[in-house]
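# Show me the folded form of this:
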Amino acid sequence: MEIANQFKGLPMETLIGGPLKAACDANVLMAQATSSFINDVGFLPEQKGADGKMVPGAPRMVDFTYEKPGTDQDGKPAIELVKVKVPILAIVPIPNLQVNTVNVTFDMEVKSSSSSRSQTDASASLTASAKFGFGPVSGSVSISGSVSTSKENTRSSDQSAKYHVDVNAQNFGMPEGLARVLDMMNQAAAPRQIEQYKAKDGEIERDKDGKIIGKPTLVDSTSKPIEDDATSSSTTTK
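Numbering: from 1, shown residues only. Here you go, the predicted model:
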């Protein structure tokens with residue numbers, strides 16, 4: 001058989017297209033994993049609204065509280081207790097894996113070798129003798145010989161194939177649309193409430209159980225006291 005005929009009938013569309021289709025299916029699964037992560041981790045479960053219809057859940061928020069030094073309205077040292085709410089999607093990495101490279105390598109090697117040795121086994125022998133001469137001069141001649149032949153045939157062949165698929169996946173980062181949504185959500189990460197306390201040795205005074213002693217003064221981001229509605233109304237009346 002000719003070597004070229006060894007390659008006939010190979011399912012090349014399967015050998016090449018199979019890994020590519022598997023890569024596409026893998027991308028679909030990873031996109032679904034990203035969507036599930038955003039829905040399950042970033043948002044609360046759906047709830048029924050007043051009309052009985054299901055409404056999307058609110059974003060999951062993380063509460064942060066930290067202290068920073070400041071001054072009160074009289075210029076005296078104070079400690080401000082800042083409370084912040086941050087969307088959880090803004091502080092955790094969002095998985096977004098995609099297959100970006102698929103290398104398919106198919107090597108088929110056909111080795112065909114044959115050797116032939118012809119030798120026919122046969123044998124024949126011949127022996128002959130003759131006398132010559134006359135009188136005191138005489139002699140004899142003898143002839144002998146043999147012929148042998150043999151025949152031998154030897155053939156050998158070898159076939160081998162290698163199939164290698166190399167797949168590389170990469171995290172493509174945050175999609176542009178999701179990044180814009182998170183930017184809008186991050187704008188809500190401003191301080192929700194700032195409580196100002198009188199400082200004692202540079203710290204907020206607490207009791208033995210760790211509870212804060214004293215009544216706080218609500219201030220804005222510039223450390224200016226925030227007047228409640230009752231105070232504003234009484235001031236206006238006066």
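# In space, not sequence, find me the middle residue of the chain.
Closest to where the C-alpha atoms of the chain average out (Cα atoms, centre = their mean) is Ala169, at 4.4 Å.
# Assess the claim that that one and Leu97 are in contact.
Yes. Counting by Cβ atoms under 8 Å, Ala169 does reach Leu97; the two are 5.1 Å apart. All C-beta atoms are positioned from the backbone trio N, CA, C, and that covers glycine.
# shared neighbours of these two, anything?
Met30 (Cβ atoms under 8 Å, 6 or more residues apart in numbering).
# same question for the longest helix anywhere in the chain, mean pLDDT?
In the chain, assigned by DSSP state H, the helix with the most residues is helix 12-42. On average, the pLDDT along helix 12-42 is 89.
# Contacts for the helix or strand that that helix is followed by, please.
Next along the chain after helix 12-42, taking DSSP states H and E as the criterion, comes strand 47-48. When contacts are defined by Cβ under 8 Å, 6+ apart, strand 47-48 is touched by residues Met54, Val55, Gly57.
# Next: stretch 58-68.
41-44, 79-89, 91, 185, 204.
# can you give me the offset of that stretch from its chain's centre?
31 Å (Cα atoms, centre = their mean, to the nearest Å).
# Give me the subset of the contacts of stretch 58-68 that lies in helices.
Val41, Gly42, Met185.
# What number of residues are in the vicinity of the first one?
Right, Val41. By other Cβ atoms under 10 Å, the residues close to Val41 number 12.
# who touches it in this structure?
Contact analysis of Val41 by Cβ under 8 Å, 6+ apart lists Arg60, Ile88, Leu89, Val92.
# Same list (the ones in helices among the contacts of stretch 58-68) but as TSV, adding distance to Lys68.
TSV is the format used below for the ones in helices among the contacts of stretch 58-68 (distance: Cβ to Cβ, whole Å):
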residue	distance to Lys68
Val41	30
Gly42	29
Met185	24
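# all strands of the chain, in order?
With DSSP state E, the ranges of strands along the chain come out as 47-48, 54-55, 61-71, 77-87, 97-117, 122-134, 137-149, 152-171, 191-200, 203-204, 217-219.
# Residues touching the last one, excluding its own?
Strand 217-219 is contacted by residues Gly70, Asp72, Glu80, Gln193, Ile194, Glu195, Gln196, Tyr197, Pro225, Ile226 when judged by Cβ under 8 Å, 6+ apart.
# can you give me the offset of that strand from its chain's centre?
Per Cα atoms, centre = their mean, the centroid offset for strand 217-219 relative to its chain is 49 Å.
# same question, the second one
For strand 54-55, the gap between its own C-alpha mean and the chain's C-alpha mean amounts to 34 Å (Cα atoms, centre = their mean).
# Quick check: mean pLDDT of it?
Here the average pLDDT along strand 54-55 is 82.
# about what we covered before: ok, so what distance separates the residue nearest to the centre of the chain from Asn186?
29 Å (Cβ to Cβ, to the nearest Å).
# and if you look at Arg60?
14 Å.
# same check, this time on Pro175
Distance, Pro175 to Asn186, using Cβ to Cβ: 16 Å.
# can you check Ser160 too?
59 Å.
# Between these two, which has more neighbouring residues?
Counted by other Cβ under 10 Å, Ser160 and Asn186 do not tie: Asn186 has more neighbours, with 14 against 9.
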